[in-house]
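**Q** here are the coordinates; sequence isn't available:
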């Protein structure tokens, strides 16, 4: 599945072509892990983020997406500092949040 913004643009394609910094956040119980990098590659089933010496693959297979475009309202207060946020939930009910950092 392709992640699209309100205008229908493929976000992974936009992020890669504009070399936007993306922070991926994974949370489980009391543990959270962050990885900040750039889109190295993408397909309908995977996004690969990379940085200097490592990379991470995020499966999009059977995933649902929710795109949040913070507007400064109280509803988006937790997402301030980000241009766009994508919440990915897999069929196994695991979640990953991709946050596009403001330029």
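**A** Perfect, I can see it now. Given the structure is predicted, the values throughout are model-derived calculations rather than measurements. Numbers count the residues shown, from 1 in each chain.
**Q** going forward, measure contacts between C-alpha atoms and count neighbours the same way
**A** Will do.
**Q** How about residue 23, nearest residue that isn't a chain neighbour?
**A** Spatial nearest neighbour of residue 23, excluding adjacent residues (Cα to Cα, 6 or more residues apart in numbering): residue 36 at 4.2 Å.
**Q** hey, which strand is longest across this protein?
**A** In terms of residue count, the longest strand belonging to the chain (DSSP state E) is strand 31-42.
**Q** and it, how far out from the chain's middle?
**A** Centroid separation for strand 31-42 versus its chain: 8 Å, with Cα atoms, centre = their mean, to the nearest Å.
**Q** what comes up buried for it?
**A** By neighbour count on 16 or more other Cα atoms under 10 Å, the buried set for strand 31-42 is 35-40, 42.
**Q** could you dump those to JSON lines with distance to residue 97 and pLDDT?
**A** Below are the buried residues of strand 31-42 laid out as JSON lines (distance: Cα to Cα, whole Å; pLDDT from 0 to 100):
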{"residue": "35", "distance to residue 97": "11", "pLDDT": "96"}
{"residue": "36", "distance to residue 97": "12", "pLDDT": "96"}
{"residue": "37", "distance to residue 97": "13", "pLDDT": "97"}
{"residue": "38", "distance to residue 97": "14", "pLDDT": "97"}
{"residue": "39", "distance to residue 97": "14", "pLDDT": "97"}
{"residue": "40", "distance to residue 97": "17", "pLDDT": "97"}
{"residue": "42", "distance to residue 97": "16", "pLDDT": "95"}
